[in-house]
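[1] Show me the folded form of this:
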Amino acid sequence: FLSAMERLDIDPVGGLEKTTNVSMSDPSDGPFGNRTVVITGTFHDIKRKDLEHILVEKGAKVVGSVSRSTGLLVIGKNPGADKTAAAREFGTATMDEKALRAALGLPPVVEQGTLF
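    I've put the predicted structure just below:
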């Protein structure tokens, strides 16, 4: 047991024996970082509030309506017509649920009846 802990540089009395460089990822580095994001529609297994929280953790500023300063519109099923029209008018980038899940590292949605 002790030799396994020693190989991992863990002090059995407490803490790490050596200083390790653990890099925390910077939220501004990803596709949502430092962007104003609007969400429209519903998502397979993610509640709106949960999605907002995830996006904020990834560095986004989530707002309720599309404007010229909106950087991204995330579109789920049954999106709001006003938000999608405004995104087209302003030339706002869009991301569907498939791309969203990929960007967040979530598994793709498998529709019922498509497995067999």
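
[2] Check the gap between residue 107 and residue 77 for me.
    Distance, residue 107 to residue 77, using CB to CB, to the nearest Å: 17 Å. Where you see a C-beta, it was placed from the backbone N, CA and C, and this is true even at glycine.

[3] Quick check: phi and psi at residue 104.
    Dihedral angles of residue 104 (phi, psi; degrees, to the nearest 10) stand at phi -90, psi 0.

[4] Could you count how many residues lie near it?
    15 (other CB atoms under 10 Å).

[5] and it, what pLDDT?
    For residue 104, the pLDDT comes out at 93.

[6] go on, residue 85?
    Note for residue 85: predicted pLDDT of 97.

[7] Repeat that for residue 30.
    pLDDT, residue 30: 81.

[8] List the contacts of residue 42.
    Neighbouring residues of residue 42 by CB atoms under 8 Å, 6 or more residues apart in numbering: 48, 76, 77, 78.

[9] For the residue most central in space within the chain, which non-adjacent residue is spatially closest?
    The chain has residue 104 as the residue nearest its centroid, 4.2 Å off, counting by CA atoms, centre = their mean. Of all residues not flanking residue 104 in the chain, residue 54 sits nearest, at 6.5 Å (CB to CB, 6 or more residues apart in numbering).
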